[in-house]
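Attaching a predicted model along with its sequence, questions to come.
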Amino acid sequence: MKNSVSEFKEKVFAVVKKIPRGSVLTYKEVARRAGKPRASRAVGAVLRTNFNSEIPCHRVIRSDGTLGGYNRGASEKIRRLKSEGYKIV
DNA sequence: CATTTGACGCCAA
DNA sequence: TTTGGCGCCAAAT
């Protein structure tokens, strides 16, 4: 059974959960791994509705190198990325 | 079921 | 280089 819930959502979660510490992926990259290379917006839509702490959604940033948004406080996202060695352009 | 919204991405001016 | 506009997709209303 693959479509109990939106498969795209599940894939996004799986991909984001697999991001190793110290690395970050762009929305486009995540969307690409989820099977829809053009669904960068949908990735954000899904992550936004997701409040699961198991999902390191702070490791997902925009292709421009900017952070984008965060549902738990932008400062928290910045802080975590800095903690992983990432610096904002 | 249809419309709107939005944590995006890329191109043109 | 910066700003504006268009396209794509899923979730929310």
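Alright, I've got the coordinates.

what does chain A have sitting close to DNA strand C?
For chain A, the contact set with DNA strand C under Cβ under 7 Å from any atom of the strand comprises A:S6, A:F8, A:K9, A:K36, A:R38, A:A39, A:S40, A:R41, A:A42, A:A45, A:V46, A:T49. To be clear about C-beta, it is placed using only N, CA and C from the backbone, and glycine gets the same treatment.

contacting residues around the helix or strand hosting A:K82?
If you go by DSSP states H and E, A:K82 is part of helix A:74-83. For helix A:74-83, contacts defined as Cβ atoms under 8 Å, 6 or more residues apart in numbering pick out A:V24, A:P56, A:H58, A:R59, A:I61, A:L67, A:Y70, A:K87, A:I88.

Next: stretch A:45-62.
Stretch A:45-62 has contacts (Cβ under 8 Å, 6+ apart) with A:6, A:8-9, A:12-13, A:16-17, A:19, A:23-27, A:30, A:43, A:67-71, A:76-77, A:80-81, A:84.

Quick check: A:A39 touching A:V30?
No - between A:A39 and A:V30 no contact is recorded; they are 9.0 Å apart, counting by Cβ atoms under 8 Å.

The two: which is more packed in?
In terms of neighbours (other Cβ atoms under 10 Å), A:V30 is the more surrounded of A:A39 and A:V30; the figures are 27 against 19.

What's the separation between the more buried one and DNA strand C?
In this structure, A:V30 and DNA strand C are separated by 12 Å, where distance is defined by Cβ to the nearest atom of the strand, to the nearest Å.

Appreciated, that's everything.
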